[in-house]
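Student: Just a sequence and a predicted model for now, questions to come.
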Amino acid sequence: MKPYAGNPGLGWLLTLLLAAGCASDAQPEAVPPLAAKAQALHRQGQRALERDERERAKALFEEARQLAESLDDLAGLAHALNDLGSVAALEGKPTEAIELHKRALVLAEQLRRADLRVESLTHLGTARQLAGQPDQAAALYGQALEAAGQAGDRHSQAVLLNNLGLIQQRAGDLAKAEASFKLALEINRSIKDQRAESANLANLALIAEETNRLDEAKAHFERALELDKATENPSAIAADLAGLARVAQRQDRKEAALAYAQRAYWSFRAIGDTTRAVEELMRALTLSREQGLRGDTAQLETELKSLREMSSQGRPGSQP
């Protein structure tokens, strides 16, 4: 649920999809062996997605789909279709994801399962959002939010409020977006979901940064960084460090900005995000030159040349 500009980045999308998937993890007390296997496949697939192992996740979710079909387990089939839709979304195939989530929603409606309906509406809204259909996505999120409220599903409420906030933010309605993120933050703190809390804080930090409330942005990014380190979320850590670098640069705290930019560069390089790594390395280089740090500047220039060569050859950067 991290913020994005233009198209959502994989870190934001992966967190959002995993959050939606977690809402379906509740299990009854007694589960027949094959149904238990389907649930285990779902959890294994979710863990594979957390590691960005999409092919493995897809294979696990497909196995769960086939198992559900063999048992005429319509609820399990709906879960599997939503899981497969998540992979399609990560692969940049929103149209395919939409069709999979539509099929899951039909099953949820047939079964009159509120939890499945919330899950399917949430995933379908995400797919619509990725397909560049924000109005349709917002309408789906609204339906899901109402259903989640009726079911007392606070986790899903927080996910949906954050998603709505992202749409409102992108539309330029920052007041509404900020209100949505704050409501989501309140829920996530109450249910002790630190990853989601961090995402809400980062989104609030972006709004504070955009509205020139730099001290507030700094505080939000700092707390988000603490939480992301505690939950070991590499892509979010890199984004937090980049946010702190931008804010420090705007506050003319050049020494702090340089340190954050270098750390953000290392983080983005370590996770293979060369584009963002180059962006932060260039920021660090500018700040180093402004401070007359000749030795650091020379080293950063060498790093930039090396990174660009690696990028042109299709190789990831090495650890610092």
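Tutor: On my side now, so go ahead. Numbers count the residues shown, from 1 in each chain.
Student: Would you confirm that Q44 contacts A59?
Tutor: No - with contact defined as CB atoms under 8 Å, Q44 does not count as touching A59 (9.9 Å). Heads up, the C-betas are built off the backbone N, CA and C, glycines and all.
Student: Can you tell me the number of residues neighbouring A137?
Tutor: 22 (other CB atoms under 10 Å).
Student: Just give me the neighbour total for A36.
Tutor: A36: 12 surrounding residues under other CB under 10 Å.
Student: Do I have it right that R117 meets A108?
Tutor: Yes - taking contacts as CB under 8 Å, R117 lies within contact range of A108: 4.4 Å.
Student: So these two - more neighbours on which side?
Tutor: Using other CB under 10 Å, the more surrounded residue of R117 and A108 is A108, with 25 against 22.
Student: hang on, isn't that one packed against S120?
Tutor: Yes - the pair A108 / S120 is scored as a contact, 4.9 Å apart, by CB under 8 Å.
Student: Return every residue with contacts to both of those two.
Tutor: A78 (CB atoms under 8 Å, 6 or more residues apart in numbering).
Student: Please identify the buried residues of the host helix or strand of Q39?
Tutor: Secondary structure assignment for Q39, by DSSP states H and E: helix 33-50. Neighbour counts over helix 33-50 (16 or more other CB atoms under 10 Å) mark 35, 37-39, 41-42, 44-46, 48-49 as buried.
Student: ok, now stretch 210-222?
Tutor: 214, 216-221.
Student: for stretch 131-139, same thing?
Tutor: Under 16+ other CB under 10 Å, the buried positions of stretch 131-139 are 131, 133-134, 136-138.
Student: any idea how far E69 lies from A35?
Tutor: 13 Å (CB to CB, to the nearest Å).
Student: on that earlier part again, so what secondary structure elements neighbour the helix holding Q39?
Tutor: helix 10-22, helix 54-70, helix 74-90 (3 or more CB pairs under 8 Å, 6 or more residues apart in numbering; DSSP states H and E).
Student: where in this protein is pLDDT low?
Tutor: 1-31, 313-320 (pLDDT under 70).
Student: so which strand or helix has A219?
Tutor: helix 214-230.
Student: How far does that helix sit from its chain's centre?
Tutor: 17 Å (CA atoms, centre = their mean, to the nearest Å).
Student: packing partners for that helix?
Tutor: helix 194-210, helix 234-250.
Student: how many degrees apart are that helix and helix 234-250 in direction?
Tutor: 160 degrees (axes from the mean of the first three to the mean of the last three CA atoms, to 10 degrees).
Student: got the contact list for helix 214-230?
Tutor: So helix 214-230 is contacted by 194-195, 197-199, 201-202, 204-206, 208-209, 236-237, 240-241, 243-244, 247-248, 250-251 (CB under 8 Å, 6+ apart).
Student: Pull out the buried members of those.
Tutor: By 16+ other CB under 10 Å, these give 195, 197-199, 201-202, 204-206, 208-209, 236-237, 240-241, 243-244, 247-248 as buried.
Student: Most tightly packed of the helices and strands packed on helix 33-50?
Tutor: helix 74-90 (a mean of 25; mean count of other CB atoms under 10 Å).
Student: who does the helix or strand that comes right after that helix touch, helix- and strand-wise?
Tutor: Per DSSP H and E, the first helix or strand lying C-terminal to helix 74-90 is helix 94-111. Counting by 3+ CB pairs under 8 Å, 6+ apart, the packing neighbours recorded for helix 94-111 are helix 74-90, helix 114-130.
Student: Quick check: which of the ones you listed is nearest to I167?
Tutor: Nearest to I167 among those is helix 114-130; the distance by CB to CB comes to 6.7 Å.
Student: so the next helix-or-strand element following the closest one versus helix 114-130, what angle?
Tutor: Moving toward the C-terminus from helix 114-130, the next helix or strand (DSSP H and E) is helix 134-151. Angle, helix 134-151 to helix 114-130, by the same axes, to 10 degrees: 160 degrees.
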